[in-house]
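Undergrad: Below is the sequence, then the predicted model.
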Amino acid sequence: MNANEPKEHQDFIRQAVQRDRDAGKHGGRVHTRFPPEPNGYLHIGHAKSICLNFGIARQFGGKCNLRFDDTNPLAEEQEYVDAIMDDIRWLGFQWDELHFASDWFDRLWDDCVRLVKSGKAYVDQLDPRKLRELRGDWFQPGADSPYRDRPVEANLELLERMRKGEFADGEYVVRAKIDMAHPNTNLRDPAMYRIRHARHHRTGDRWCVYPMYDWAHGQNDSYEGITHSICTLEFEDHRPLYEWFIESLGIHAPQQIEFARLNLTYTVLSKRKLLQLVKEKLVDGWDDPRMPTIRGMRRRGVTPEALRAFCEHIGISKFNSVHEIELLEHFLRDDLNRICKRRLAVLDPIELVLTDWPTGKVDLVDALENPEDPSAGSRQVPFTGRLLVERDDFRDPAPKKWFRLAIGQEVRLRYGYFVTVHSIERDAQGNVVRLLATHDPRTRGGNSPEGKKVKGTIHWVAQEHAIDAEVRLYDRLFAVADPNDVPAGKDWKEFLNPNSLATRTVSKLEPSLAQAKPGERFQFERLGYFIADDRDGRPGALVFNRTVALKDSWSKLEKKLGPEE
RNA sequence: UUCGGUAUGGUGUAAUUGGCAGCACAACGGAUUCUGGUUCCGUUAGUCCUGGUUCAAGUCCAGGUACCGAAACCA
């Protein structure tokens, strides 16, 4: 951030901004904007853009606007506007100015009239099919519309009648007069206005002509005094048009700069596919914790700090890259490890009875709130002779290098006692239903007075004191790294991960968790990071979502040791 | 076949603009540990290809190759 930090790498956009500012361009001002269309929810790809635009403003002492690109009344809704603003604030950013493309409709119309007057735009009345036909293609130049040279006065009159609503949808269209043979098809007389007798979520029925993206966007940037208009790669071909409009109008000229949009392994980011997942109920809504939407990630328990750290570290380039989800998980764990209080929770319980425990005795043992943060202090957890432990923490017979519960193997119950299983009880089907063990009373708190070591430490809860909860274990949405790479004859939805959600309804938690507030995050020791769900859960009927599991080097080891003999 | 872009370890991203290819994640190995977590140390591994200029090329030049985007009255 400042000069005494070790030299910092700037991406090519920041370098350009820096150069412009140092050269005194735009009076040394830096002004960016984030321009979402309010026709869907923000996802992690938008987060990258938000961090970039707001981050540049912050870094260079400039401003960043939020502008809703609401030029298509058919797609856009107020609901999305509210959600987008909420998500941006949650991410930790605040816009300097709030604008809507629709707020500029009057001025934009005036500029259109100006362009028509100067002979640089005209009213066309080709039907869409014919218009498209005359545009040509990548290999063939287009041809002029027969209406291209309509006199200015006639254009002006038609323009006025269009605006007044005298024509039906699609009957007329305003086009820029550029070059129908231009190798860049964007410059083959692009449409500026189309007629749409549709109610707009902000302007209501005031307009029946709506501007196209290319005509609106650059001018809006200009009106707002934007200095650097940052967008994604697919608009690179539009830049000449962006510049043509501004130059033709003779107004303030922002610099459009393009960067590669974000891609992530094991997920999809296209609005279309995300929408499909929701509509076909393949996920439980836009805020399903498996969704890469900001709302989904919020519910999953992702922190804004982790998301920002991720966005800052992935960098900005023009290379179409795919980031590994592991990187996001790294920053998530990094943040969560620092801030989360630890709790004991058993997701798939099996009974562990201490046969030598004094009947009825309840021992309150001290447990650290967060070993990473001594100032967080400690809490007390009730320990008794009837405990529940994780079914997966017991094996019979024990595999190689197994440090956890097995017959005759002493392990530590975290913050409790050393215990040794001596026998097990099975049901009629042969399933283990109860472990019978003894404890070493001298190891209270988890340490042996003579310094005896045990290799395994496991978590537990006391049966009579534990509370119930539903715990949802989330995993990657897709089973393959690149669900966009679909072999012929297959559908991308076939690659959804069937195990992306596993619900544990029999989970038992340590009693202090009864006070958990919706949205509160914890580490369940040895399991992962969890957040109290604020939609389906409430005090008394707790639901926890797993944000991300702890790293698990045992499962790797186990895999490497191979199938048991 | 047109136009516009992009190529650096498995992944992503740097390289003072011609001067020892660095960082992070991942993987692997080890140390520490009352979480098989955390932390710490270490290892593997890279400049798309072919030529050229130069004392010196990831960087400059020439020619290839591969990949991405673009032909909405969507954004």
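TA: Cool, got the structure.

Undergrad: show me where pLDDT drops low in the stretch 201-350 of chain A?
TA: Residues of the stretch 201-350 of chain A meeting the criterion pLDDT under 70: none.

Undergrad: Show me where it has its helices.
TA: A:213-223, A:239-249, A:271-279, A:294-300, A:304-314, A:325-339 (DSSP state H, counting those that start in this stretch).

Undergrad: Name the residues of the fifth one that are buried.
TA: This means helix A:304-314. Buried positions in helix A:304-314, judged by neighbour count with 16 or more other Cβ atoms under 10 Å: A:304-311, A:314. (Each C-beta comes from the backbone N, C-alpha and C, glycine too.)

Undergrad: Out of these, which comes closest to A:Phe259?
TA: The closest of these to A:Phe259 turns out to be A:Ile314 (Cβ to Cβ; 11.1 Å).

Undergrad: Identify the spatial nearest neighbour of that closest one, chain neighbours not counted.
TA: Excluding its sequence neighbours, the residue lying closest to A:Ile314 (Cβ to Cβ, 6 or more residues apart in numbering) is A:His323, at 5.5 Å.

Undergrad: Tell me, how many residues neighbour the one you found?
TA: Residues lying near A:His323 (other Cβ atoms under 10 Å) number 17.

Undergrad: With respect to burial, which of the helices of the stretch 201-350 of chain A scores highest?
TA: helix A:294-300 (a mean of 24; mean count of other Cβ atoms under 10 Å).

Undergrad: For it, name the packing helices and strands.
TA: Applying 3 or more Cβ pairs under 8 Å, 6 or more residues apart in numbering; DSSP states H and E, we find helix A:294-300 packed against helix A:44-59, helix A:78-91, strand A:543-549.

Undergrad: List of residues touching it?
TA: By Cβ atoms under 8 Å, 6 or more residues apart in numbering, the surrounding residues in contact with helix A:294-300 are A:41-44, A:46-47, A:83, A:87, A:90-91, A:286-291, A:307, A:474, A:531, A:533-535, A:545, A:547.

Undergrad: which of the residues you listed are buried?
TA: The buried subset of those (16+ other Cβ under 10 Å) comprises A:41-44, A:46-47, A:83, A:87, A:91, A:286-291, A:307, A:474, A:531, A:533-534, A:545, A:547.

Undergrad: quick revisit: and RNA strand B, which of the buried residues of helix A:304-314 reach it?
TA: Subset of the buried residues of helix A:304-314 in contact with RNA strand B: A:Ile314, counting by Cβ under 7 Å from any atom of the strand.

Undergrad: Roughly how far does the residue nearest to A:Ile314 sit from RNA strand B?
TA: Distance, A:His323 to RNA strand B, using Cβ to the nearest atom of the strand, to the nearest Å: 5 Å.

Undergrad: wait, isn't that residue in contact with A:Arg261?
TA: No: counting by Cβ atoms under 8 Å, A:His323 stays clear of A:Arg261, with 11.2 Å between them.

Undergrad: Once you drop chain neighbours, what's closest to A:Asp287?
TA: A:Arg295 (4.0 Å).

Undergrad: Also A:Leu387?
TA: A:Leu352 (4.5 Å).

Undergrad: Show me what the one helix or strand the one you found maps to is packed up against.
TA: Element membership of A:Leu352, judged by DSSP states H and E, is strand A:349-354. Applying 3+ Cβ pairs under 8 Å, 6+ apart, we find strand A:349-354 packed against strand A:386-390, strand A:418-426, strand A:432-440, strand A:501-509.

Undergrad: cutoff 10 Å now
TA: Using 3 or more Cβ pairs under 10 Å, 6 or more residues apart in numbering; DSSP states H and E as the contact test, the elements touching strand A:349-354 are strand A:386-390, strand A:418-426, strand A:432-440, strand A:460-462, strand A:501-509.

Undergrad: among those, which is the most enclosed?
TA: Note that of those, strand A:460-462 is the most buried (mean count of other Cβ under 10 Å), with a mean of 25.

Undergrad: moving C-terminal of it, what's the next helix or strand?
TA: strand A:467-474.

Undergrad: helices or strands next to that next one in the packing?
TA: Partner elements for strand A:467-474 (3+ Cβ pairs under 10 Å, 6+ apart): helix A:294-300, strand A:345-346, strand A:501-509, strand A:528-532, strand A:543-549.

Undergrad: 8 Å instead?
TA: If contacts are counted by 3+ Cβ pairs under 8 Å, 6+ apart, strand A:467-474 sits against strand A:501-509, strand A:543-549.

Undergrad: That one - what's its average pLDDT?
TA: In this model, strand A:467-474 has a mean pLDDT of 98.

Undergrad: What lies in contact with that strand?
TA: A:289-290, A:300, A:345, A:347, A:500-511, A:513-514, A:530, A:533, A:537, A:541-547.

Undergrad: hmm, 7 Å instead?
TA: A:289-290, A:300, A:347, A:500-505, A:507-509, A:511, A:513-514, A:542-546 (Cβ atoms under 7 Å, 6 or more residues apart in numbering).

Undergrad: now swap in stretch A:26-39 and tell me
TA: By Cβ under 7 Å, 6+ apart, the surrounding residues in contact with stretch A:26-39 are A:17, A:20-21, A:42, A:46, A:49-50, A:53-54, A:56-57, A:60, A:62-70, A:75-77, A:80-81, A:84, A:221, A:224-228, A:230.
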